[in-house]
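>>> following is a predicted model, sequence given first.
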2 protein chains.
Amino acid sequence: MQQPFYNHPKHFLSVDCVIFGYRESELHLLLYNRNFEPLKGQWSLMGGFVQESETVEEAAGRILYQITGLKDIYLDQVQVFSKSDRDPGARVVSIANYALIRMDFNDKDLWNDHGAVWWPIQQLPELIFDHRDMVTAALEKLQHKANYTLIGQELLPEQFTIIQLRSLYEAIFQCSLDSGNFRKRILSLKVLERLDNKDKTGSKKGAYYYKYKTNDATAKVDRIVRLIL
Amino acid sequence: MQQPFYNHPKHFLSVDCVIFGYRESELHLLLYNRNFEPLKGQWSLMGGFVQESETVEEAAGRILYQITGLKDIYLDQVQVFSKSDRDPGARVVSIANYALIRMDFNDKDLWNDHGAVWWPIQQLPELIFDHRDMVTAALEKLQHKANYTLIGQELLPEQFTIIQLRSLYEAIFQCSLDSGNFRKRILSLKVLERLDNKDKTGSKKGAYYYKYKTNDATAKVDRIVRLIL
DNA sequence: ACAAAAGTGTTTCGGCTACACCCATGC
DNA sequence: GCATGGGTGTAGCCGAAACACTTTTGT
């Protein structure tokens, strides 16, 4: 069955990143406008080729760093896309990843230089190749993650209110959640710590800020949102 | 950021298959004994290289066909493994997949020729490279799938009893499940159909055989086993 | 009749839902 | 005071867990 290496073909390997951000009760994606041929002017995910000595994860991190100037971004593998005609230029096998970043914590100049623009996820432009499928698969994976770990550290500011967290969940799952029940469920996980200051922008009373307690916020929990009814 | 294709390296791309089977209340893996150097005589997952014109899924299907003689095997992508030193022979990026097959439905000669042997998952031999990590990741993915769809079509015979199905779930999740509650939960999904014949091997009374109703057995359901307590 | 496994019923408990209600504050 | 959003309380319901109980049949 097996043959020596040199009898087998080699492939271009690329990494495409579905970069999620959150602002004003809506999920956003960071897309970029291709400033080179082919398909110049069209919208695409951030991507690049895997180099000789790096892992897929390192390649994705490198690409994110080039565009955002940020290191240690949360990254998760989604799926391999390998249809041989997916990229008309050449046979390229691509590994889709998704990343979570705080939209405010970024160097605007850097991504402006790259032609990167945040798009609300409900109104995405047309994307090249199979990038739209990558977005769909990445969103599913994000939903799953959000359901089994308390997400938000990566997408929200250091301090956030329970209301902001609920809005984030509503944006991720595209459904409305009962405010009282959501609060109780989240607080029962005991991973958030209430701070003394309040966010007064939303009301006169003000809403307490919370932050993640320790770094054990990655602890797995039973599902937060019941998806199938 | 982007450069033309020809400035980027190409990579060997392989596919490794974690092949699950089920027999006698235990999950098994189909492993093979390398009959070629390097590492001749050591145990490994089934694998092979992705060819020029095939997708990753096709490559995995082809490899499974070579070993089992079966087509249309259930296959699911697990994860990409890309550490540059994972295969000491060369830099090979590998995509782990898992497959589900019925252990009885197979051509023994075919896999004997390939040096393939079923191992109970509790007593696996040492595996080469990072194949052990692949098994772990595949099992997690299988657990997730089994929790959200009624699995078994791929692993059990056409006809099976609820008791067999429960044993399968106990093998997958490595825990014991209350027999009455499991039965009620499964039947409430309304995807199984009771047949008129019984399995008399386990008791004098006999246990009714069931089979999957239509092909909508892939319907998603709320979690069957609560994992986090 | 008895044993043993298959299958059903029943009780209890906890958590989730829905919604009503209190709280704090700026105007 | 009262409108507004933040936050808490609660009754009811549903499903899951635990386990007792019934059924079937070979010996």
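Ah, there it is.
>>> could you use CA atoms for every contact and neighbour count after this?
Will do.
>>> could you check how far the nearest residue to residue A:90 once chain neighbours are set aside is from residue A:50?
Nearest residue to residue A:90, sequence neighbours excluded (CA to CA, 6 or more residues apart in numbering or on different chains): residue B:5, at 7.8 Å. Distance, residue B:5 to residue A:50, using CA to CA, to the nearest Å: 11 Å.
>>> quick one: which of those two has more around it?
For residue B:5 versus residue A:50, the count of surrounding residues by other CA atoms under 10 Å in any protein chain shown is larger for residue A:50: 25 against 14.
>>> which residues touch the more buried one?
Contacts for residue A:50 (CA atoms under 8 Å, 6 or more residues apart in numbering or on different chains) come out as A:12-15, A:56, A:59, B:8-9.
>>> measure it to DNA strand C for me?
42 Å (CA to the nearest atom of the strand, to the nearest Å).
>>> least confident pick among the contacts of residue A:50?
Note: of these, the lowest pLDDT belongs to residue B:8, at 92.
>>> quick check: longest helix of chain A.
For chain A, the helix with the greatest residue count under DSSP state H is helix A:131-148.
>>> list the strands paired with the lengthiest strand in chain A, with their directions.
Across chain A, the longest stretch assigned as strand under DSSP state E is strand A:10-23. Using DSSP bridges, the strands paired with strand A:10-23 are strand A:26-33 (antiparallel), strand A:46-49 (antiparallel), strand A:92-100 (parallel), strand B:10-23 (antiparallel).
>>> same list, the ones you listed, but as CSV with distance to residue A:123 and mean neighbour count please.
As requested, those are arranged in CSV below (distance: least, CA to CA, whole Å; neighbours: other CA atoms under 10 Å in any protein chain shown):
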stretch, distance to residue A:123, mean neighbour count
strand A:26-33, 9, 22
strand A:46-49, 18, 23
strand A:92-100, 18, 24
strand B:10-23, 36, 23
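>>> rebuild those strands as JSON lines, extending it with distance to DNA strand D.
Written out in JSON lines, the entries for the strands paired with strand A:10-23 read as follows (distance: least, CA to the nearest atom of the strand, whole Å):
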{"stretch": "strand A:26-33", "distance to DNA strand D": "16"}
{"stretch": "strand A:46-49", "distance to DNA strand D": "35"}
{"stretch": "strand A:92-100", "distance to DNA strand D": "24"}
{"stretch": "strand B:10-23", "distance to DNA strand D": "24"}
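>>> reformat the ones you listed as JSON lines; add distance to residue A:132.
Formatted as JSON lines, the strands paired with strand A:10-23 follow (distance: least, CA to CA, whole Å):
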{"stretch": "strand A:26-33", "distance to residue A:132": "11"}
{"stretch": "strand A:46-49", "distance to residue A:132": "13"}
{"stretch": "strand A:92-100", "distance to residue A:132": "11"}
{"stretch": "strand B:10-23", "distance to residue A:132": "24"}
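>>> before we move on, back to that, need the overlap of contacts for residue B:5 and residue A:50.
Contact with both residue B:5 and residue A:50 is made by residues residue A:12, according to CA under 8 Å, 6+ apart.
>>> ok and the residue in chain A nearest DNA strand C?
Of all residues in chain A, residue A:205 sits closest to DNA strand C, at 3.7 Å by CA to the nearest atom of the strand.
>>> beyond the helix or strand of chain A with the lowest mean pLDDT, next helix or strand please.
Sorting the helices and strands of chain A by mean pLDDT, DSSP states H and E puts helix A:108-113 at the bottom, at a mean of 69. On the C-terminal side of helix A:108-113, the closest following helix or strand by DSSP states H and E is strand A:116-120.
>>> export that next one to PDB, keeping only CA atoms.
What follows is the C-alpha trace of strand A:116-120 in PDB, where atoms were taken according to Å, rounded to 0.1, in the frame of the first residue of the first chain:
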ATOM      1  CA  ALA A 116      -9.300  44.900   5.900                       C
ATOM      2  CA  VAL A 117     -12.800  45.900   6.900                       C
ATOM      3  CA  TRP A 118     -15.200  44.700   9.500                       C
ATOM      4  CA  TRP A 119     -18.500  43.500   8.200                       C
ATOM      5  CA  PRO A 120     -21.500  42.700  10.200                       C
END
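>>> any part of that strand near chain B?
No: for a cut-off given as CA under 8 Å from any CA of the partner chain, strand A:116-120 has no contacts with chain B; the smallest distance is 11.9 Å.
>>> for that strand, name the packing helices and strands.
Other elements packing on strand A:116-120 under the criterion 3 or more CA pairs under 8 Å, 6 or more residues apart in numbering or on different chains; DSSP states H and E are strand A:26-33.
>>> how far does the strand it packs on sit from the chain's center?
For strand A:26-33, the gap between its own C-alpha mean and the chain's C-alpha mean amounts to 10 Å (CA atoms, centre = their mean, to the nearest Å).
>>> now do that strand, average pLDDT.
The average pLDDT within strand A:26-33 is 94.
>>> contacting residues around it?
For strand A:26-33, contacts defined as CA under 8 Å, 6+ apart pick out A:18-22, A:40-46, A:114-121, A:168, A:171-172.
>>> just the buried members of the residues you listed?
Using 16 or more other CA atoms under 10 Å in any protein chain shown as the burial test, the contacts of strand A:26-33 include A:18-22, A:42-46, A:114-121, A:168, A:171-172 as buried.
>>> find the pair from the contacts of residue A:50 with maximum spatial separation.
Largest separation among the contacts of residue A:50 by CA to CA: A:56 and B:8, giving 14.2 Å.
>>> which of these two has more residues huddled nearby?
Set residue A:56 next to residue B:8 and count neighbours by other CA under 10 Å: residue A:56 wins out with 26 against 16.
>>> show the backbone phi and psi for the more buried one.
Geometry field for residue A:56 lists phi and psi as phi -60, psi -40, criterion degrees, to the nearest 10.
>>> and residue A:209, by the same measure?
Dihedral angles for residue A:209 - degrees, to the nearest 10 - are phi -80, psi 150.
>>> that one contacts residue A:195, correct?
Yes: in terms of CA atoms under 8 Å, residue A:209 counts as a neighbour of residue A:195; the distance is 5.5 Å.
>>> of those two, who's got more company?
For residue A:209 and residue A:195, the more surrounded residue by other CA under 10 Å is residue A:209, and the numbers stand at 20 against 13.
>>> residue B:121 versus that one, what's the distance?
The span separating residue A:209 from residue B:121 equals 48 Å under the rule CA to CA.
>>> and the pLDDT at residue A:1?
Checking the pLDDT column for residue A:1, the value is 49.
>>> what of residue A:45?
Reading off the confidence values, residue A:45 has pLDDT 96.
>>> cool, the one 4 residues further on as well?
Listed pLDDT for residue A:49 reads 96.
>>> beta-bridge partners for the closest residue to it other than its chain neighbours, please?
Taking CA to CA, 6+ apart as the measure, residue A:49 lies nearest to residue A:14, with 4.1 Å between them; neighbours along the chain are not counted. Note on residue A:14: beta-bridge partners by DSSP bridges are residue A:49, residue A:94.
>>> good, we can wrap up now.
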